[in-house]
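In: Sequence plus the predicted model coming up.
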Amino acid sequence: MNPRYLPPCVLSPSTNLSRSDAQTWSDIFITTIDTFPIECIRPSDTDRPIWSIYTPGSYRPEDYLGTLHVRDTDGHWHVQATGERHASFADAVRTLRRPPT
(Lines give C-alpha, C1' and ligand atoms only; values in the text may rest on other atoms or scores of the structure.)
Protein backbone atom coordinates (compact mmCIF):
# COMPACT_ATOMS: atom_id res chain seq x y z
CA MET A 1 0.00 0.00 0.00
CA ASN A 2 1.24 3.47 -0.84
CA PRO A 3 1.75 5.35 2.47
CA ARG A 4 0.76 8.60 0.78
CA TYR A 5 -2.86 7.45 0.67
CA LEU A 6 -5.29 6.59 3.44
CA PRO A 7 -6.89 3.14 3.37
CA PRO A 8 -10.06 3.31 1.25
CA CYS A 9 -12.34 2.42 4.16
CA VAL A 10 -11.34 5.49 6.16
CA LEU A 11 -13.01 8.86 5.68
CA SER A 12 -10.55 11.70 5.81
CA PRO A 13 -11.68 14.52 8.09
CA SER A 14 -10.43 17.07 5.54
CA THR A 15 -12.85 15.90 2.85
CA ASN A 16 -15.71 18.35 2.88
CA LEU A 17 -17.66 18.17 -0.37
CA SER A 18 -19.37 21.47 0.36
CA ARG A 19 -16.04 23.22 -0.21
CA SER A 20 -15.97 24.91 -3.57
CA ASP A 21 -12.31 24.10 -4.15
CA ALA A 22 -12.12 20.42 -5.10
CA GLN A 23 -8.31 20.66 -4.98
CA THR A 24 -8.62 20.50 -1.18
CA TRP A 25 -10.46 17.16 -1.21
CA SER A 26 -8.65 13.99 -0.10
CA ASP A 27 -7.14 11.56 -2.57
CA ILE A 28 -9.42 8.76 -1.33
CA PHE A 29 -12.77 9.26 0.36
CA ILE A 30 -16.24 7.77 0.70
CA THR A 31 -19.33 9.93 0.49
CA THR A 32 -23.06 9.43 -0.01
CA ILE A 33 -25.09 10.80 -2.90
CA ASP A 34 -28.87 10.20 -2.72
CA THR A 35 -28.46 7.58 0.04
CA PHE A 36 -25.99 5.53 -2.05
CA PRO A 37 -22.34 5.44 -0.92
CA ILE A 38 -19.55 5.93 -3.44
CA GLU A 39 -15.79 5.73 -3.11
CA CYS A 40 -13.72 8.37 -4.87
CA ILE A 41 -10.10 7.65 -5.71
CA ARG A 42 -7.75 10.17 -7.31
CA PRO A 43 -5.30 8.53 -9.74
CA SER A 44 -1.78 8.43 -8.30
CA ASP A 45 -0.25 10.17 -11.31
CA THR A 46 -2.03 13.51 -10.79
CA ASP A 47 -2.75 16.18 -8.21
CA ARG A 48 -5.53 17.67 -10.31
CA PRO A 49 -9.19 17.49 -9.19
CA ILE A 50 -10.04 14.17 -10.84
CA TRP A 51 -11.56 11.06 -9.24
CA SER A 52 -12.53 7.58 -10.35
CA ILE A 53 -15.83 6.55 -8.77
CA TYR A 54 -16.45 3.04 -7.39
CA THR A 55 -18.80 1.07 -5.20
CA PRO A 56 -17.11 1.33 -1.76
CA GLY A 57 -14.54 -1.40 -1.11
CA SER A 58 -14.94 -3.02 -4.53
CA TYR A 59 -12.52 -2.49 -7.36
CA ARG A 60 -13.76 -4.98 -9.93
CA PRO A 61 -14.51 -3.62 -13.39
CA GLU A 62 -18.26 -3.96 -12.80
CA ASP A 63 -17.98 -1.72 -9.70
CA TYR A 64 -16.35 1.14 -11.60
CA LEU A 65 -18.90 3.88 -12.31
CA GLY A 66 -16.66 6.28 -14.20
CA THR A 67 -14.28 9.21 -13.87
CA LEU A 68 -15.07 12.86 -13.12
CA HIS A 69 -12.98 15.99 -13.08
CA VAL A 70 -13.46 19.72 -12.61
CA ARG A 71 -12.84 21.78 -15.71
CA ASP A 72 -10.43 24.67 -15.25
CA THR A 73 -12.27 26.90 -17.69
CA ASP A 74 -15.77 26.92 -16.19
CA GLY A 75 -15.60 25.02 -12.87
CA HIS A 76 -18.16 22.45 -13.99
CA TRP A 77 -17.80 18.73 -13.31
CA HIS A 78 -16.97 16.84 -16.49
CA VAL A 79 -18.06 13.22 -16.99
CA GLN A 80 -15.23 11.82 -19.06
CA ALA A 81 -17.13 8.95 -20.72
CA THR A 82 -19.98 11.11 -22.04
CA GLY A 83 -18.48 14.59 -22.15
CA GLU A 84 -21.40 15.93 -20.12
CA ARG A 85 -20.87 18.90 -17.79
CA HIS A 86 -22.65 19.45 -14.49
CA ALA A 87 -22.67 22.29 -11.99
CA SER A 88 -22.36 19.96 -8.99
CA PHE A 89 -20.42 16.85 -8.09
CA ALA A 90 -23.66 15.11 -7.05
CA ASP A 91 -25.27 15.73 -10.45
CA ALA A 92 -22.22 14.31 -12.21
CA VAL A 93 -22.35 11.17 -10.02
CA ARG A 94 -26.07 10.78 -10.84
CA THR A 95 -25.10 10.77 -14.51
CA LEU A 96 -22.70 7.89 -13.89
CA ARG A 97 -25.50 5.90 -12.22
CA ARG A 98 -27.95 6.50 -15.06
CA PRO A 99 -28.79 3.29 -16.92
CA PRO A 100 -27.36 3.10 -20.45
CA THR A 101 -29.76 4.02 -23.22
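Out: Sure, I can see it. Numbers count the residues shown, from 1 in each chain.
In: residues in contact with residue 33?
Out: Going by CB atoms under 8 Å, 6 or more residues apart in numbering, residue 33 touches 89, 90, 93, 94. To be clear about C-beta, it is placed using only N, CA and C from the backbone, and glycine gets the same treatment.
In: can I assume the first one is in contact with residue 68?
Out: Yes. Shown here, residue 89 and residue 68 form a contact pair, counting by CB atoms under 8 Å, at 7.1 Å.
In: any idea which element residue 99 lies in?
Out: Here residue 99 sits in a region with no helix or strand, counting by DSSP states H and E.
In: So which of the contacts of residue 33 belong to helices?
Out: Secondary structure assignment (DSSP state H) places 89, 90, 93, 94 from the contacts of residue 33 within helices.
In: before we move on, back to that, Produce a PyMOL select command limited to the buried residues of the contacts of residue 33.
Out: Paste this into PyMOL to select the buried members of the contacts of residue 33, with burial taken from 16 or more other CB atoms under 10 Å:
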select buried, resi 89+93
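In: and which of the contacts of residue 33 is nearest residue 27?
Out: Closest to residue 27 out of the contacts of residue 33 is residue 89 (15.5 Å), distances taken as CB to CB.
In: residue ranges for the strands of the protein, please.
Out: Applying DSSP state E to the chain gives strands spanning 28-33, 36-41, 50-54, 64-70, 77-79, 85-86.
In: how far off strand 36-41 does the longest one point, in degrees?
Out: Yep, that's strand 64-70 we're talking about. Angle of strand 64-70 versus strand 36-41, following axes from the mean of the first three to the mean of the last three CA atoms, to 10 degrees, is 70 degrees.
In: Note down every partner strand of strand 64-70 and its orientation.
Out: Note on strand 64-70: by DSSP bridges, its sheet partners are strand 50-54 (antiparallel), strand 77-79 (antiparallel).
In: Next, the buried residues of the longest one.
Out: Along strand 50-54, these residues count as buried under the neighbour rule (16+ other CB under 10 Å): 50, 51, 52, 53, 54.
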